[in-house]
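Colleague: Here is my input, please return the structure:
(one chain, ligands or ions: 1)
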Amino acid sequence: MRVTIFGATGLLGKALLRQWSGDDLTALGSAQADIRNSEPVENVVANAKPEWIVLAAAYTDVDGCEINPNLALSVNTYGAVNVAKAAVRARSKLLFISTDYVFDGKKNSPYETDESRNPINAYGKSKAEAEGKLCEIHPQVCIVRTSWLFGPGGKCFPDTILKIASSRKQIEVVNDQRGCPTYTVDLASAIIRLCRSGAEGIVHCTNAGDCTWYEFAQEIVRQSGLPTTVRPTTSDKYVRPAERPSYSVLSPLSLSAYGVKMRPWQETLGQYFALRMSSHDELASPSTTVGDEKAQKR
Ligand SMILES: NC(=O)c1ccc[n+]([C@@H]2O[C@H](COP(=O)([O-])OP(=O)(O)OC[C@H]3O[C@@H](n4cnc5c(N)ncnc54)[C@H](OP(=O)(O)O)[C@@H]3O)[C@@H](O)[C@H]2O)c1
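Modeller: Below you'll find the predicted structure:
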């Protein structure tokens, strides 16, 4: 199977490249094809003629999107539209990565795939708009909504907590937003299975279990063995440009329909710690550059 991945240089993209074997991959970052421009997107898709396109490229800085909503729309909505149009022309199937932030967070039970989108920040709006437009352009599109990504090879919440906790006796973390942490390695495996199953429609895909950011930080510190104390606080003490939904837990029912079961997020942290250390070692090695590392993974 020929597969083209947009966003291959990102946190999830790197995990997809590491996990995906046995198929013919074309891996693209923004330097190879800026999805805001239709021409390079058309060209790379027409040349690769993929059976599947995985669209993991996005402007993911939630506060940055709030400050610059036009950039959010141009990448996350109209960039996705460019990829969907190219997919239709090349008769490729399309898997689009979306987010729990398409919901407003006013519920207190897990969101199912058929519940109304009602985003409360610019990032969520740009992804919700994309979802709607992609369904019109490419009716067989598979939309995979995920949340709270973490994994080796980039900045993410556990990485930040480990760095801060290693130099402080006490840290404060917000305890009024609840969601599902998702390990990129597990998400990548699920995406590969969904493509191989010919998935269509909306699928919610996260690790099992939910927590607040405070509970997530507590577990990271506990499993790492650091002596730091984690204390709960509230979002109003850390005002940021973008509002976050207070509850964005995604139901696993749509994923189990494809026979995919994700392990509890707590069980992924040990592997994450080990891979995080080995990717630090790779970067510290004088004979390995970041470019070399990416080339080897491709
Ligand atoms: N991170 C989360 O917590 C989270 C939660 C829910 C959903 N998601 C979704 O999951 C997907 C993957 O997220 P991630 O955390 O892996 O993202 P990431 O690490 O921020 O990486 C973003 C990727 O998008 C590419 N990109 C950005 N602007 C682009 C443009 N104009 N043209 C082409 N490529 C562009 C980047 O390419 P370069 O690096 O080459 O510029 C990079 O490969 C995204 O769709 C995101 O919305 C993420």
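Colleague: Please tell me how far the closest residue to the ligand within the chain sits from Arg89.
Modeller: Taking CB to the nearest ligand atom as the measure, the chain has Gly10 as its residue closest to the ligand, at 2.2 Å. For the C-beta atoms, the positions are set from N, CA and C on the backbone; glycine is no exception. From Gly10 over to Arg89 the distance is 25 Å, taken as CB to CB, to the nearest Å.
Colleague: Give me the residue ranges of this structure where confidence is low.
Modeller: Counting by pLDDT under 70, the ranges of the chain that qualify are 280-298.
Colleague: For it, what lies in contact range of the ligand?
Modeller: Within the chain, the positions near the ligand by CB under 6 Å from any ligand atom are 6-13, 29-31, 34-36, 56-60, 75, 79, 97, 99, 146-149, 154.
Colleague: So which of the residues you listed belong to strands?
Modeller: In strands, judged by DSSP state E, the following of the residues of the chain next to the ligand are found: 6, 97, 99, 146, 149.
Colleague: Help me confirm that the residue of the chain closest to the ligand comes into contact with Ala57.
Modeller: Yes - using CB atoms under 8 Å, Gly10 is in contact with Ala57, at 7.1 Å.
Colleague: Between those two, tell me which one has more neighbours.
Modeller: Ala57 (27 against 22; other CB atoms under 10 Å).
Colleague: That one contacts Ile35, doesn't it?
Modeller: Yes - between Ala57 and Ile35 there is a contact under CB under 8 Å: 5.4 Å.
Colleague: who touches both of these two?
Modeller: 6, 75, 79, 83 (CB atoms under 8 Å, 6 or more residues apart in numbering).
Colleague: Please pick the buried ones from these.
Modeller: For those, a burial check counting by 16 or more other CB atoms under 10 Å picks out 6, 75, 79, 83.
Colleague: ok, the nearest residue to the first one once chain neighbours are set aside - contacts?
Modeller: Sequence neighbours aside, Ala57 is the residue nearest to Phe6 in space, at 4.1 Å (criterion: CB to CB, 6 or more residues apart in numbering). With contacts defined as CB under 8 Å, 6+ apart, Ala57 is in contact with 6-7, 10, 13, 28, 30, 35, 75, 79, 83.
Colleague: if you set the cut-off to 10 Å instead, what comes out?
Modeller: Counting by CB atoms under 10 Å, 6 or more residues apart in numbering, Ala57 touches 5-10, 12-13, 28-30, 33-35, 41, 75-76, 79-80, 83, 97.
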